[in-house]
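Undergrad: I would like to see how this sequence folds:
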Amino acid sequence: MTESLEDVRSFIHPSTIVYTRRGPKEICAVCPGDEVVTQTGAFVAIAIVHHKPYSGLLLDIGGRGQVHEHHRLLGADDTFVQADELRPGDVLRGVIPRYTEDIPELTEEDCLLYGVMMVSAKVDCDNCVTLRHNMLLSAAEEILEAGGINFLRDRGAGNLVFMSPFRREMVLDDEWQMRLYSPLLHLPEAKLKKLQQGLWYGSMASSDLADGDRCIAVSDRALAEAIRYIFLKTGTDMEYDGEVLRKLPGPTVEGSTRCVDRRIGSIDRVEFSGDLFDLETVGECDEERTYVTSMGASHNGGGKRNGSFAIYIEPWHADVFDFLDLKKNHGDEERRARDLFYAMWVPDVFMERVQAGAQWSLMDPNACPGLPDAVGQDFKLLYEDYESSGRFVRQVDARTLWNAILVSQIETGTPYLLFKDAANQKSNQSNLGTIRSSNLCSEILQYSSPAETAVCNLSSIALPTFARAGDRTFDFEGLHNVTKVAMRNLNKVIDINYYPTPEAELSNRRHRPVGIGVQGLADTFCILKYPFESSEARELNRDIAETMYHAALETSCELAAEREAEILEYRQLASIEGKSKDIKRQINHILKRTRFTKEELERRYCPGAYDSYFWNGGCPVSKGILQFDMWNVRPSERYDWEALRANIEIHGVRNSLMIAIMPTASTSQILGNSECIEPVTANVYSRRTIAGDFMVVNKYLMRELIESGKWNEQMKQRILAAEGSVQGIEEIPEEVRKVYKTVWEIPQRALIDLSADRGAFTCQTQSLNLFVSNPTPKVLTSMHFHSFKSGLKTASYYMRCQLKAKIQQFTVDPSLAKNEKAAKGDAAVLACSRDNAEGCLACSA
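TA: Residues are numbered from 1 along each chain as shown. Okay, here's the model as predicted:
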């Protein structure tokens, strides 16, 4: 399963110079097919030029270029460093291009003269050259005489005049400006050094000047960058200030690739508004997925984050115990694969046997075919048939395997836990076939097959935007409208997107799934002063989910109706015999803006619906079955669901799936919101930026404490001493403390209940992280069985466990830390009851 993701984080300023086979170019002028220098010093072709509008701050790296703070540059130890981690005095590594191609007919004397001409000559339209007086005439005469070139002396003006031995296009561009002929950039080193010698002569650089004092006056940036490239080829680094190229001191570093180290003088933040750029190369290895700029080597990543992979397995698989050990930090290293991610795809029958303490049979999928594709009662019958016929590899106590799953979660945070039957039986893609897995973040549930790769097009909505602190109300109408806009935009993305494989494009265009999620739920509760586990929070959470599902479904139906109108118009025009030019023009206009599929043109009923809408008897929505119907949940009377159901019966829907609650770790940072559906992990935390590390306080808590006159230095120290918790600070009113509980202080049953309430309006699933301070198999069992009985599709994404060892707080008064720890401990003891038969409500189960 793949996800369509685009990122501005690795982009750079459009004027940044990139080194290509045809010479230095601004990155905005680079085209697909151009070849750029990579970290290896060789050339590789550009596959895609990415560009994206951006308004905000860029980092100016020592005047050599401007980049986004997350752009990665090559450091002195040959590893890539994020720009916001760089400091003045750090070293960036520039790669020396190693490609060489000689021009045999060009002699070393020719190269010397060419260098002189580049910086001290004027060439007219007749290819007549005037060497200006700013170089030593005697040196110029010697060069011309050595090359056998006739010349005239104008001693009064201090010039020499002669006919150029080089073709016009070798020295002038289309605007009659001096240019450096790109094939000369790749000459062998001996000829390049002669060319450099000519450049020094042309700048009146006498041979007795120290290398560090040498400079070349050049007013044209393109010519200056080409000259800088020539010097870089021989290991000499140059700095250009807009008027003068100056040689920089510093050794050439020899290795598998020759490099030049450059120390950063300064790093400044600058405002920028416009398009940023990045290049995606066709290189296969990591070193070839780079390109060299005037700043140094940049890692492109194609404008995307690095790939990750999640492996799903069902608990009946014979290798399941080995699978559960793959991410552990101990054991045989040859039997570990810690960079992968792991998930359990659990059928209901396994949970039933764990609850009953029954035997469980492990099977070979080759000896027991059909199990991955069977769901619900069909799976149970097939599994029991294989079991009764003795086709299992071995049998274990179901609870033994269950405990192995829990131990792995406690030690590594994984495997993710998803329920196979709920995922399939509550899916609008159930008519396509069996869904065999989720994705990397466990929020996408889509059908895949060898012929098609599932794709999801994601977007999240910032919930705090709709929370009104003044009257403590929520703007559901605004949320409804924004969801409709997001739905239309994501639907359009499907048509205009780039697809890396034909299987991905086939799936996305055929089923047209999207996933709209949320961010900032915890912020919303803080604004409205709702404790996370309160009935008010639960009601708001449900209403938000219902609003988004209704808006998405309504918009998808509208899109289907609009598509239907286009199809009917086309059919009507296409059926006209003896078409006039105007009719043909109308038909061409429709076909130009609309790509009809064969399915759409042949279907008479709901032609605007997505292609697989009626396949295999039709999807649940085509039968009037909506997501909450599959959960046996009755929606509120906020919206007219029956009217919407009637419209869907007439027009269908344009998208098979619409809502998915994804993680928002990166995007929520942009807007300053809490992540996804999670409570805050602490009311005080540390954040690292280019300016250094600094403490961040929950802005809502701080505002309340300031307004009540309780915020002061001692209060800050007490919150720090309590590791971001306010539960033991009695000076803060209890109703305020309840609102600002951290995720470690909120019963995880509350998070599961909120997820179940959302689930009835979530047609895919949710990335549900669970947080346990003191995890034990008993606690985790209680949690997961509550999720199972609540009908969740995803029981857990990551299992987060709190560290027992705490960092020493050197800046906090030890007596304060001791007191707050005691207060926090007393509160925990009062809240926890492990003997509760219904499960522990204080420590997560």
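Undergrad: tell me which helix or strand Ala190 sits in.
TA: Taking DSSP states H and E as the definition, one finds Ala190 inside helix 189-202.
Undergrad: quick check: next helix or strand after that helix?
TA: Beyond helix 189-202 in the direction of the C-terminus, DSSP H and E gives the next helix or strand as strand 215-217.
Undergrad: so which elements touch the helix or strand following that following strand?
TA: Past strand 215-217, further along toward the C-terminus, the next helix or strand under DSSP H and E is helix 221-233. Applying 3 or more Cβ pairs under 8 Å, 6 or more residues apart in numbering; DSSP states H and E, we find helix 221-233 packed against strand 23-26, helix 108-120, helix 189-202, strand 238-240, strand 244-247. The way it works is simple: take the backbone N, C-alpha and C, and place the C-beta from them, glycine included.
Undergrad: and the third one, how far out from the chain's middle?
TA: Read it as helix 189-202. Averaged C-alpha coordinates place helix 189-202 at 46 Å from its chain's average position (Cα atoms, centre = their mean, to the nearest Å).
Undergrad: same question, the second one
TA: When C-alpha coordinates are averaged (Cα atoms, centre = their mean), helix 108-120 and its chain have centres 49 Å apart.
Undergrad: let me know the angle separating it from helix 189-202.
TA: Relative orientation of helix 108-120 and helix 189-202, computed by axes from the mean of the first three to the mean of the last three Cα atoms, to 10 degrees: 40 degrees.
Undergrad: for the helices and strands packed on helix 221-233, give me CSV that also has distance to Lys778 and mean pLDDT.
TA: Formatted as CSV, the entries for these read as follows, by distance: least, Cβ to Cβ, whole Å; pLDDT from 0 to 100:
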stretch, distance to Lys778, mean pLDDT
strand 23-26, 63, 89
helix 108-120, 79, 84
helix 189-202, 72, 86
strand 238-240, 66, 81
strand 244-247, 71, 79
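Undergrad: of those, which is nearest Glu558?
TA: Of all those, the one in closest proximity to Glu558, counting by Cβ to Cβ, is strand 23-26 (43.8 Å).
Undergrad: mind checking how far the closest one is from the chain centre?
TA: On Cα atoms, centre = their mean, the centre of strand 23-26 falls 28 Å from that of its chain.
Undergrad: and if you look at stretch 780-800?
TA: The offset between the C-alpha centroid of stretch 780-800 and the centroid of the whole chain comes to 27 Å, using Cα atoms, centre = their mean.
Undergrad: one more: stretch 452-462?
TA: In terms of Cα atoms, centre = their mean, the centre of stretch 452-462 is set 12 Å apart from its chain centre.
Undergrad: now Thr483: how far from Tyr549?
TA: The spacing between Thr483 and Tyr549, counted by Cβ to Cβ, to the nearest Å, is 9 Å.
Undergrad: which of the helices and strands packed on helix 221-233 sits most buried?
TA: Greatest average neighbour count among those goes to helix 108-120 (a mean of 23), per mean count of other Cβ atoms under 10 Å.
Undergrad: send the alpha carbons of it over as CSV?
TA: Written as CSV, here are the backbone C-alpha positions of helix 108-120 (Å, rounded to 0.1, in the frame of the first residue of the first chain):
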residue,chain,number,x,y,z
GLU,A,108,47.2,24.3,-24.2
GLU,A,109,48.1,27.6,-25.8
ASP,A,110,44.6,27.9,-27.0
CYS,A,111,43.3,27.4,-23.5
LEU,A,112,45.7,30.0,-22.1
LEU,A,113,44.4,32.6,-24.7
TYR,A,114,40.8,31.6,-24.1
GLY,A,115,41.2,32.3,-20.3
VAL,A,116,42.7,35.7,-21.1
MET,A,117,39.8,36.6,-23.4
MET,A,118,37.1,35.6,-20.9
VAL,A,119,38.0,38.3,-18.4
SER,A,120,39.8,41.0,-20.4
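Undergrad: helices and strands around it, which ones?
TA: Helix 108-120 sits against strand 128-131, helix 137-146, helix 189-202, helix 221-233, with contacts defined as 3+ Cβ pairs under 8 Å, 6+ apart.
Undergrad: what residues does that helix touch?
TA: Where contact means Cβ atoms under 8 Å, 6 or more residues apart in numbering, the residues beyond helix 108-120 that reach it are 123, 129, 131-132, 134-135, 140, 143-144, 146-147, 149, 164-166, 170-171, 178, 180, 184, 187, 190-192, 194-203, 216-218, 223, 227.
Undergrad: tell me the bridge partners for the closest residue to Ala76 other than its chain neighbours.
TA: Nearest-residue entry for Ala76: Val91, 3.9 Å, with adjacent residues in sequence omitted and distances by Cβ to Cβ, 6 or more residues apart in numbering. Residues in a beta bridge with Val91, per DSSP bridges, are Arg263.
Undergrad: start at 33 instead
TA: Noted, 33 is the first residue going forward, which turns the last one into Val123.
Undergrad: state the distance from Val123 to Asp300.
TA: Counting by Cβ to Cβ, the separation of Val123 from Asp300 is 18 Å.
Undergrad: between those two, point out the one with more neighbours.
TA: Each of Val123 and Asp300 has its neighbours counted (other Cβ atoms under 10 Å); Val123 has more, 16 against 13.
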